[in-house]
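**Q** Sequence first, predicted model second:
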Amino acid sequence: MTKNLANAHGNVWPEYMNGVAQQNYLKAEQGILEAAAQGYSHWYIDGSLPGERPAEWTTSRIEALQETMGRLNVKPVYHGNFKAPLGSDVPELGGAALDYIKREVDLSASLGGAPVIVHGGGIVEPRLVIEARRTGLAMLIDNLGELVEYARQRNVEIWLENLSNYTRFHPFYYICVTEDEYVEVLDNVPGLKFFFDVSHAHVNDGNPVAVFERLHQHVVGMSFSDNKGDRDSHFPLGRGSLDYPGLVEAIMKHEWRGLIGFETRGSTLSESLAHLKAIGSRLAGKVD
């Protein structure tokens, strides 16, 4: 039913993965070494961490990392600073966030054209919640339109990652957290790609499988971890309540392929792949 891809470490990837990325919240130089040791093809540079933001990179550091990337054959994904409010109800803040993320794009261009993962941002203590969230979503769409073109000219792709739909944790509200909001943004920003965080989509009784079914043609990659539906817990696969069998079945039905990022704290790439392989084997048995 499926064929598998194996890397030099003996890890077998399901055919729907054209790469596997590690997110482990480390300094870039340490992260690439750990990713290579486990057999990942990619690793995240986390732009929200001190030391990883655009102003904190020097030419010599970039050149040294380029050498390491070539030697280890591991590629970067720049996970942009999720604190930057691209979708804000304050125009000046949204504009500043756009300028900031353009600097992330410039850095990514210098790292071989690494894709930049961006987020909707958020708003804090709005007096009129519905109106403020609509304003924030409109600003996100406008900013992403400009950002995608800016990045295109530098051979960098912009990947939008959805945030968790927290409804009980106030006074803040994330922007772009529901299925209809994903659709509105993607329909209005040509060239934008969707990096679907299935764990985020599972928070607050979300349905990641339904989202994938609706938007799989926009999805360039996915972030895998597990939770119990209450918060983004980053559990290893199978430790929460996310319907991974249903998701894998939908992936195979649509013959989707893309990058899978693992944000599974406390588990290895081999363990994550083994869990997904077992799901695939069970599904193959159902078909046979």
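**A** Sure, I can see it. Owing to the predicted nature of the structure, the values given are computational and were not obtained by experimental measurement.

**Q** Which residue ranges of the stretch 151-288 of the chain form helices?
**A** 179-188, 198-202, 208-215, 244-253, 269-287 (DSSP state H, counting those that start in this stretch).

**Q** doesn't residue 118 make contact with residue 161?
**A** Yes. Contact between residue 161 and residue 118 holds when scored by C-beta atoms under 8 Å: they sit 7.1 Å apart. Heads up, the C-betas are built off the backbone N, CA and C, glycines and all.

**Q** Look at these two and report which has more neighbours.
**A** Neighbours were counted for residue 161 and for residue 118 using other C-beta atoms under 10 Å; residue 118 has more, 30 against 21.

**Q** and the closest residue to the more buried one other than its chain neighbours, how far is that from residue 95?
**A** Nearest non-adjacent residue to residue 118, counting by C-beta to C-beta, 6 or more residues apart in numbering: residue 80, 4.9 Å away. According to C-beta to C-beta, to the nearest Å, residue 80 stands 16 Å off from residue 95.

**Q** Which one's more surrounded, the two?
**A** Neighbours were counted for residue 80 and for residue 95 using other C-beta under 10 Å; residue 80 has more, 29 against 15.

**Q** Identify the residues contacting that one.
**A** Residue 80 makes contact with 47, 48, 101, 104, 116, 117, 118, 119, according to C-beta atoms under 8 Å, 6 or more residues apart in numbering.

**Q** Looking at those, which is nearest residue 64?
**A** residue 47 (18.5 Å; C-beta to C-beta).

**Q** What are the boundaries of the strands in this protein?
**A** Secondary structure of the chain (DSSP state E): strands at 4-6, 12-14, 17-22, 42-46, 75-79, 116-118, 122-124, 158-161, 172-174, 193-197, 219-224, 258-262.

**Q** possible to save the ones you listed as CSV with mean pLDDT?
**A** Shown next, in CSV, are the strands of the chain (pLDDT from 0 to 100):
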stretch, mean pLDDT
strand 4-6, 42
strand 12-14, 86
strand 17-22, 97
strand 42-46, 98
strand 75-79, 98
strand 116-118, 98
strand 122-124, 90
strand 158-161, 98
strand 172-174, 90
strand 193-197, 98
strand 219-224, 98
strand 258-262, 98
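
**Q** Packed most tightly, which of those strands would that be?
**A** strand 116-118 (a mean of 28; mean count of other C-beta atoms under 10 Å).

**Q** what packs against that one?
**A** Under the contact criterion of 3 or more C-beta pairs under 8 Å, 6 or more residues apart in numbering; DSSP states H and E, strand 116-118 touches strand 75-79, helix 91-110, helix 129-152, strand 158-161.
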